[in-house]
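In: What would the 3D arrangement of this be:
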Amino acid sequence: MTHLIECQRLGKTYGREGENVVPIFDDLALSIESGEFLSIVGPSGSGKSTLLHLMAGLDQPSDGTVLWCGRSWQDLADAERATIRSNHLGFVYQFHHLLSELTALENVAITLQIKGESRKTALAAAKETLSALGLDHRLEHFPSQLSGGERQRIAIARALVHQPECVLADEPTGNLDEESAQMAMTQLVDGCKARGASLVIVTHNLNLAQRADRTMRLAGGRLHSDE
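Out: All right, here's what the predicted structure looks like:
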């Protein structure tokens, strides 16, 4: 059986050998199935974000490998990795990273335009996605005109608009109040379920983490089932 994402004997250290090498984790094994919702919790500095970046092929492991649909990120050319991320992965970060000079609609549409879709097609898909998230009344607003929760929900729409197979979210509600966090999280989870996409989040919010199908805890360089 081929997993969507599979980490095999994964290790990561920072620093040059013999010069204050800092181990982050070692010999990690983890697999993500299609349509699964996984949360990863753990103390600050435990390597949660690093693990997420390795899953996305945005960083290189010190040991082991990460497979995307059975293919090692390390064996792919830069262009192939970029194509996979553009076509099959969605990303949501703690900070929304919206472009201040673009409207909400344009911020979402740009994901498809980068892939080569026409502006007309991209704007239509962006409008449909934003409307599904209850943001149809904010299409022409710029980020400076939106609340923090609205900005993050637009970032979620941007991650979903191209129908990814997996969404990776790094503390997606970390900057939001509890009410906004709950709304954003519900829309992220429901959006992934509606598309049959896997969702992997790293978070400090245990209440949000408990909504996942499965929760893992990263601590002391080890990954444990948090059941």
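In: Which neighbouring elements make contact with the lowest-mean-pLDDT helix or strand in the chain?
Out: Within the chain, no helix or strand scores below helix 206-209, which has a mean of 82 by mean pLDDT, DSSP states H and E. Judged by 3 or more C-beta pairs under 8 Å, 6 or more residues apart in numbering; DSSP states H and E, the packing partners of helix 206-209 are strand 37-41, helix 178-195. Placement of C-beta: from N, CA and C, glycine included.
In: Identify each buried residue in it, please.
Out: 208-209 (16 or more other C-beta atoms under 10 Å).
In: Work out for me the element the residue positioned nearest the centre of the chain sits within.
Out: What sits nearest the mean C-alpha location of the chain, by C-alpha atoms, centre = their mean, is residue 168, with 1.8 Å. For residue 168, the host element (DSSP states H and E) is strand 166-170.
In: now swap in residue 25 and tell me
Out: Assigned by DSSP H and E, residue 25 falls in strand 22-32.
In: Contacts for that strand next, please.
Out: 3-15, 38, 46-47, 50-51, 55, 63-64, 166, 198, 200, 216, 218, 221-223 (C-beta atoms under 8 Å, 6 or more residues apart in numbering).
In: picking up where we left off before, can you lay out the helices and strands packed on helix 206-209 as JSON lines showing mean pLDDT?
Out: Conversion of the helices and strands packed on helix 206-209 to JSON lines gives the following (pLDDT from 0 to 100):
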{"stretch": "strand 37-41", "mean pLDDT": "93"}
{"stretch": "helix 178-195", "mean pLDDT": "86"}
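In: Mean neighbour count, those: which tops it?
Out: strand 37-41 (a mean of 22; mean count of other C-beta atoms under 10 Å).
In: following it, which helix or strand shows up next?
Out: helix 48-55.
In: pLDDT averaged over that following helix, what's the number?
Out: For helix 48-55, the mean per-residue pLDDT is 91.
In: just to revisit the earlier point, would JSON lines of the helices and strands packed on helix 206-209 with distance to residue 23 be doable?
Out: Formatted as JSON lines, those follow (distance: least, C-beta to C-beta, whole Å):
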{"stretch": "strand 37-41", "distance to residue 23": "18"}
{"stretch": "helix 178-195", "distance to residue 23": "32"}
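In: got a list of contacts for stretch 122-133?
Out: 104-106, 108-113, 117, 136, 138-139, 153-154, 156-157, 160-161, 187, 191, 194.
In: Try it again at 10 Å.
Out: Residues outside stretch 122-133 that contact it (C-beta atoms under 10 Å, 6 or more residues apart in numbering) are 103-118, 135-139, 150, 153-154, 156-163, 183-184, 186-188, 190-191, 194.
In: buried subset of those residues?
Out: Buried among these (16+ other C-beta under 10 Å): 103-112, 117, 135, 138-139, 150, 153-154, 156-162, 183-184, 187-188, 191.
In: Just the ones in strands from the residues you listed, please.
Out: Using DSSP state E, no member of those sits in strands.
In: quick one: which of these sit in helices?
Out: 104-112, 150, 153-154, 156-160, 183-184, 187-188, 191 (DSSP state H).
In: What count of nearby residues applies to the closest residue to residue 25 other than its chain neighbours?
Out: Of all residues not flanking residue 25 in the chain, residue 221 sits nearest, at 4.3 Å (C-beta to C-beta, 6 or more residues apart in numbering). Residues contacting residue 221 under the criterion other C-beta atoms under 10 Å number 15.
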